[in-house]
Structure formats: C-alpha cells, structure tokens
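> pasting the structure only:
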C-alpha cells in the first residue's frame, strides 16, 4: 500500500524522480476489517522499512511478520481470515496464518 508521497528526500522511504523533481514514497502494510458494504477499518499498520535499495519481496515479508506479531499481541482471541497475494505463499507465512487459539 502506497501511503504518501512528499517532495524531497526523507529517511526510510523510497526515492523517486518525476520530471526532474525528487519525491519520497512511504509504503505500509495494513490489517483491515472489511464490512459487507466495503468499508475498511484499520486494525494495525506497519511501515515497510527500506534501508538502501527497495526490495519488494524482502520488505513486504518482513513487514508481514511484524504485523502478525502486533495482531497476536493486540487481539489474541480474534479469529481472522487473511487474504494475501502470491508473494506471501511460503512456509513461514502459512504457519503464522494457520495458528488458531483454542477455545476454553
């Protein structure tokens, strides 16, 4: 998710040049509840941190792991359905996504 763009260069952002002007783009991964009417309510947001070169696979996967920890901590008993694209089709993500809490 592209969160915002600002003129100039800023720490932990992706730099782009458009028509000769420098911009910084910050990206985030969000967990949302989406209602039947299509309204989205954010549960948690994690910024995708970029050190030097933006690597979509590495950055978004690391953000997912941080986001999963936040959700487990804040909402330990909430059951969620997680919709992800093929980037997240790996053993670690599937293991995290399939964890369920036991009902007592």
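Received, thanks. As the structure is a prediction and not an experimental result, all values here were calculated from the model. Numbers count the residues shown, from 1 in each chain.

> what packs against the lengthiest helix in the chain?
In the chain, assigned by DSSP state H, the helix with the most residues is helix 56-74. With contacts taken as 3 or more Cβ pairs under 8 Å, 6 or more residues apart in numbering; DSSP states H and E, helix 56-74 sits against strand 21-34, strand 40-48, helix 91-97. Where you see a C-beta, it was placed from the backbone N, CA and C, and this is true even at glycine.

> what's across from the residue nearest to the spatial centre of the chain in the sheet?
Central residue of the chain (Cα atoms, centre = their mean): residue 29, 1.7 Å from the mean position. Note on residue 29: beta-bridge partners by DSSP bridges are residue 46.

> check it and give its pLDDT.
pLDDT recorded at residue 29 is 88.

> could you do residue 66 as well?
The score at residue 66 is 92. That number is its pLDDT.

> which ones are touching it?
Applying Cβ atoms under 8 Å, 6 or more residues apart in numbering to residue 66 gives the contacts residue 46.

> quick one: it and residue 48, what's the gap?
Residue 66 sits 10 Å away from residue 48 when distances are taken as Cβ to Cβ, to the nearest Å.

> what's the overlap in contacts for those two?
Contacts common to residue 66 and residue 48, judged by Cβ under 8 Å, 6+ apart, are absent.

> tabulate the helices and strands packed on helix 56-74 (TSV), appending distance to residue 80.
Putting these into TSV (distance: least, Cβ to Cβ, whole Å) gives the following:
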stretch	distance to residue 80
strand 21-34	8
strand 40-48	9
helix 91-97	9
